[in-house]
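> Sequence and predicted structure below; questions after.
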Amino acid sequence: MLAEIAHKAGVITNEEFAIFQNAGYMGLYGGLDIDDIHTKKGLEVGQKILDYMGSTELIANLFRISQTEEKLRKDEADNAKTATPVHYSVGREVRTAYRKDWRNDAGRFADAKKEYSTDRKRADGSFESKSQKGKIDT
């Protein structure tokens, strides 16, 4: 379970976990954070993102989660500052593979409306901006 592995990797507080989780979504959804995905899907507070996606999108998310678990174990991350970028980069790698192999279907999950440079800027320090609004899946 990702929460357990993240905790072992040093993601301890609720705030750290919210930031960590948001990073994975941002990587997979091309810079869109949890709030952006909630808005795009028309979800209300308390509705879980994973409960409102088709099978391909769900599989991509489950793959992101499983690969993040593996990478955190392998890299022996020991604090939130090292674990969070791992989750982002795994999400981004899954998105890249998805878009490369299924180009025509890439718009089926939340489209990236932000350029890579915005992605990068957010990955380097602004995960915190929208992680506190109660829309974190647990």
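Perfect, thanks for sending it. Residues are numbered from 1 along each chain as shown.
> Give me the secondary structure label for residue 47.
Residue 47 falls in the coil class when you classify it by DSSP: H, G, I helix; E, B strand; the rest coil.
> Residue 70 now?
helix.
> Okay, it and residue 87: tell me how far apart.
Taking Cβ to Cβ, to the nearest Å as the measure, residue 70 and residue 87 are separated by 12 Å. The C-beta positions use only the backbone N, C-alpha and C, and glycine is treated the same way.
> show me where the chain has helices.
Secondary structure of the chain (DSSP state H): helices located at 2-8, 14-28, 34-41, 55-75, 80-101, 116-123.
> Same question for the fourth one: list its buried residues.
Within helix 55-75, the residues that count as buried by 16 or more other Cβ atoms under 10 Å are 57, 60, 61, 63, 64, 65, 67, 68, 69, 71, 72.
> With the second one instead?
Going by neighbour count (16+ other Cβ under 10 Å), the buried part of helix 14-28 is 16-28.
> Pick out whichever of these sits closest to residue 49.
Nearest to residue 49 among the buried residues of helix 14-28: residue 25, at 7.4 Å, using Cβ to Cβ.
> For that closest one, give its distance to residue 16.
Separation of residue 25 from residue 16 (Cβ to Cβ) stands at 15 Å.
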